[in-house]
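S.K.: show me how the following folds:
(one chain, ligands or ions: 3)
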Amino acid sequence: VSRSVLSIGGNLGERVDTLRSAVSAIAALSGVDLVEISPVYETPPWGPVEQPDFLNAVLVVEVSDTLTSLEFLHSLQTIENQHGRTRDVHWGPRTLDIDIVTFGDEVSDVPELVLPHPHAHEREFVLVPWLDIDGGAEIQGRGSIGTLIESLDPSAVTRRPDLSLR
Ligand code: PH2
Ligand code: MG
Ligand code: MG
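M.R.: Ligands and ions are numbered 1, 2, ... in the order given. Below you'll find the model as predicted:
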């Protein structure tokens, strides 16, 4: 079994409905057990593209050894597509994005799947919800997520206690 951390988010359409539906679809994947769901955060767009605010959350899942990281990625991409995901603008607005942040201790550098996720360590919208559910977590080669957050600006992300993915 590999423990995997997922970042989910979206900034188009009925954002919380989409995230709830995505969580159910991930939990229903065969060989995948949903272990933790973070609170939901409203987050300003990270990166160069001007776009609406996102809702973001982080999940911890356990993936059976019968699934490789790439097979898991392809299952997650199918879920993105089922939720109206299109791929036009890199880092642009989307109904649903599901990113594999870590997959066990796997390190991968193939273009389709870089592990750990190459930007997770610098993104408040990943680290803040992740810290809520997995305090001692580390990103290989980058350090503990608690320490990483200290060099960022977590005031940019706002918890939405009125929204829950459970
Ligand atoms: N995803 C991106 C680019 N920028 N910003 C926020 N706040 N949340 C995201 O999920 C996000 C982003 C590309 O995947
Ligand atoms: Mg992404
Ligand atoms: Mg993605």
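S.K.: quick check: bridge partners of the spatially most central residue of the chain?
M.R.: What sits nearest the mean C-alpha location of the chain, by CA atoms, centre = their mean, is S7, with 0.5 Å. For S7, the beta-bridge partners under DSSP bridges are V58, D99.
S.K.: ligand 3 contacts on this protein?
M.R.: For the chain, the residues in contact with ligand 3 (CB under 5 Å from the ion) are D97, D99. Yep, even glycine has a C-beta here, placed from its N, CA and C like the rest.
S.K.: residue contacts, the residue lying farthest from the centre of the chain?
M.R.: Using CA atoms, centre = their mean, the residue of the chain lying farthest from its centre is T66. It sits 22.0 Å away. T66 makes contact with G31 under the criterion CB atoms under 8 Å, 6 or more residues apart in numbering.
S.K.: V128 contacts Y41, correct?
M.R.: Yes - applying CB atoms under 8 Å, one finds V128 in contact with Y41, separated by 6.3 Å.
S.K.: okay, and the common contacts of these two?
M.R.: Common neighbours of V128 and Y41 (criterion: CB under 8 Å, 6+ apart): V157.
S.K.: so how many other residues sit close to whichever residue of the chain sits closest to ligand 1?
M.R.: Ligand 1 sits closest to G9 of the chain, with a gap of 3.1 Å, by CB to the nearest ligand atom. For G9, the count of nearby residues is 25 (other CB atoms under 10 Å).
S.K.: mind listing the helices for the chain?
M.R.: 15-27, 69-82, 124-133, 145-150 (DSSP state H).
S.K.: now do the same for the last one: mean pLDDT, whole number.
M.R.: By that I understand helix 145-150. Mean pLDDT, computed over helix 145-150, is 97.
S.K.: roughly how far out does that helix sit from the chain middle?
M.R.: A distance of 17 Å separates the centroid of the chain from that of helix 145-150, by CA atoms, centre = their mean, to the nearest Å.
S.K.: kindly report the same for the first one.
M.R.: Shown here is helix 15-27, whose average C-alpha point lies 12 Å from the average C-alpha point of the whole chain (CA atoms, centre = their mean).
S.K.: now the angle from it to helix 69-82?
M.R.: Using axes from the mean of the first three to the mean of the last three CA atoms, to 10 degrees, the direction of helix 15-27 lies 140 degrees away from that of helix 69-82.
S.K.: mind listing what's buried along helix 15-27?
M.R.: R15, V16, T18, L19, R20, S21, A22, V23, A25, I26 (16 or more other CB atoms under 10 Å).
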